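In: one predicted model, sequence on top.
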Amino acid sequence: MRTRGLLLALMTTAGLTAGCGPGAVACPAIAQATAVSVTVAADYAPLVGTLHVKACQDGTCKEGPVELAPGSASIDQGCTPDGVCSATASPDGTKVGMLMLDTLTESVMTVTASGTGADGSALPVRTLEFRPRADYPFGEQCGKFISASVTLDAAGLRDAQG
């Protein structure tokens, strides 16, 4: 009887100890957008009327018009003594848009941007070859997010993350 009591006490203690250790980490339920994001630089944005983007990766291309919206920058509003922090968005003169893709991988991607200027003239065709970035914003246990971001300015396209 005494052995069974000791065994029961050991099993209970082992169960409690395991329950108090590091458990599963909750991952946010956020879906990743498979897209190429485009930012038109503030000094070039007034010259851009429409934008057409073509993205090719792993032998597949997707292209279409990109709807441009006013861009913004986050302005830190500070933190309260109890640790609640906030920020606000402020227009920064850029224009932003996205070309949705069927898939997005870490392999090399070629992006071509064309369009019309605000005056109706053709914009120069710009092409960039780059590699999308993988990141683990919520830790490796939550999986990786792959992002492809480019910036368009008067000099051309550049990798916004590099």
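Out: Ah, there it is.

In: could you count how many residues lie near residue 76?
Out: Residues lying near residue 76 (other Cβ atoms under 10 Å) number 9. From N, CA and C alone the C-beta is placed, and that goes for glycine too.

In: so which elements touch the helix or strand encompassing it?
Out: Secondary structure from DSSP states H and E places residue 76 in strand 69-79. Contacts of strand 69-79 with other secondary structure elements, assessed using 3 or more Cβ pairs under 8 Å, 6 or more residues apart in numbering; DSSP states H and E, are made with strand 85-100.

In: so which bits of the strand it packs on are buried?
Out: Buried residues in strand 85-100, counting neighbours by 16 or more other Cβ atoms under 10 Å, are found at 94-99.

In: helices along this protein, start to end?
Out: Residue ranges of the helices in the chain, as given by DSSP state H, are 2-20.

In: which helix or strand in it has the lowest average pLDDT?
Out: The helix or strand with the lowest mean pLDDT-type score in the chain, counting by mean pLDDT, DSSP states H and E, is helix 2-20 (a mean of 41).

In: got the buried residues for stretch 51-69?
Out: Of the residues in stretch 51-69, those buried by neighbour count under the rule 16+ other Cβ under 10 Å are 51-57, 62, 66, 68.

In: that should have said stretch 110-118, apologies.
Out: 111-115.

In: rewinding a little: biggest separation within the buried residues of stretch 51-69, which pair?
Out: Across the buried residues of stretch 51-69, the two members that end up farthest from each other (Cβ to Cβ) are 57 and 68, 22.4 Å apart.

In: look up the closest residue to residue 145, ignoring the ones flanking it.
Out: residue 32 (5.1 Å; Cβ to Cβ, 6 or more residues apart in numbering).

In: and the one you found, how far is that from residue 114?
Out: Between residue 32 and residue 114 the distance, using Cβ to Cβ, to the nearest Å, works out to 27 Å.

In: and what of residue 61?
Out: The spacing between residue 61 and residue 114, counted by Cβ to Cβ, is 14 Å.

In: thinking again about what came up before, mind putting the buried residues of strand 85-100 into JSON lines with pLDDT and distance to residue 75?
Out: What follows is the buried residues of strand 85-100, written out as JSON lines (pLDDT from 0 to 100; distance: Cβ to Cβ, whole Å):
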{"residue": "94", "pLDDT": "97", "distance to residue 75": "15"}
{"residue": "95", "pLDDT": "97", "distance to residue 75": "19"}
{"residue": "96", "pLDDT": "97", "distance to residue 75": "17"}
{"residue": "97", "pLDDT": "97", "distance to residue 75": "22"}
{"residue": "98", "pLDDT": "96", "distance to residue 75": "23"}
{"residue": "99", "pLDDT": "97", "distance to residue 75": "28"}
